[in-house]
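Asker: need a structure here:
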Amino acid sequence: YTTDKELNAFSLSTIPDDPKRPELLPFKEGMLAFAGSAPNSRSNEMFIAYDRAGSLGQSPWETPFGKVTSGLENVKNFYKGY
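Answerer: Alright, predicted model coming up:
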């Protein structure tokens with residue numbers, strides 16, 4: 001979408017994994033984390049857990065970094081067909 005080399009390089013960059021936070025696991029409804037596919041693969045994609053998600057948090061890139069504190073009823077109206 002751009003010919004700016006610096007911006008293109010930034011768009012391809014990744015975010016290093018956060019340290020594991022066992023006290024935040026298992027995932028609970030409303031928790032936010034970056035999506036990833038391998039170590040240090042996180043970029044600009046995030047997800048919000050809709051329910052207890054016991055299988056999440058096993059991989060190093062699945063460390064929760066936040067939680068929806070109000071408006072979760074609105075989050076539940078997001079498209080869920082993925």
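Asker: A helix includes residue 9, no?
Answerer: Yes: under the criterion used here (DSSP: H, G, I helix; E, B strand; the rest coil), residue 9 sits inside a helix.
Asker: which pLDDT value belongs to the residue minimising distance to the centre of the chain?
Answerer: Nearest to the mean C-alpha position of the chain, by C-alpha atoms, centre = their mean, lies residue 34 at 2.0 Å. As summarised for this prediction, residue 34 has a pLDDT of 91.
Asker: quick check: it vs residue 11, distance?
Answerer: Between residue 34 and residue 11 the computed distance is 15 Å (C-beta to C-beta, to the nearest Å). Bear in mind the C-beta positions are built from the backbone N, C-alpha and C, glycine included.
Asker: also residue 43?
Answerer: 8 Å.
Asker: residue 57 too?
Answerer: From residue 57 to residue 11 the distance is 27 Å (C-beta to C-beta).
Asker: what does residue 62 give?
Answerer: Using C-beta to C-beta, residue 62 is found at 22 Å from residue 11.
Asker: secondary structure class of the residue nearest to residue 18 when sequence neighbours are not counted, three-state.
Answerer: Closest residue in space to residue 18, ignoring its immediate chain neighbours: residue 63 at 4.1 Å, by C-beta to C-beta, 6 or more residues apart in numbering. Under three-state DSSP, residue 63 falls in the coil class.
Asker: number of nearby residues for residue 63?
Answerer: Residue crowding around residue 63 was assessed by other C-beta atoms under 10 Å; the count is 19.
Asker: that one contacts residue 35, doesn't it?
Answerer: No: counting by C-beta atoms under 8 Å, residue 63 does not reach residue 35; the two are 11.8 Å apart.
Asker: and residue 1, what's its pLDDT?
Answerer: Listed pLDDT for residue 1 reads 68.
Asker: sounds good, over and out.
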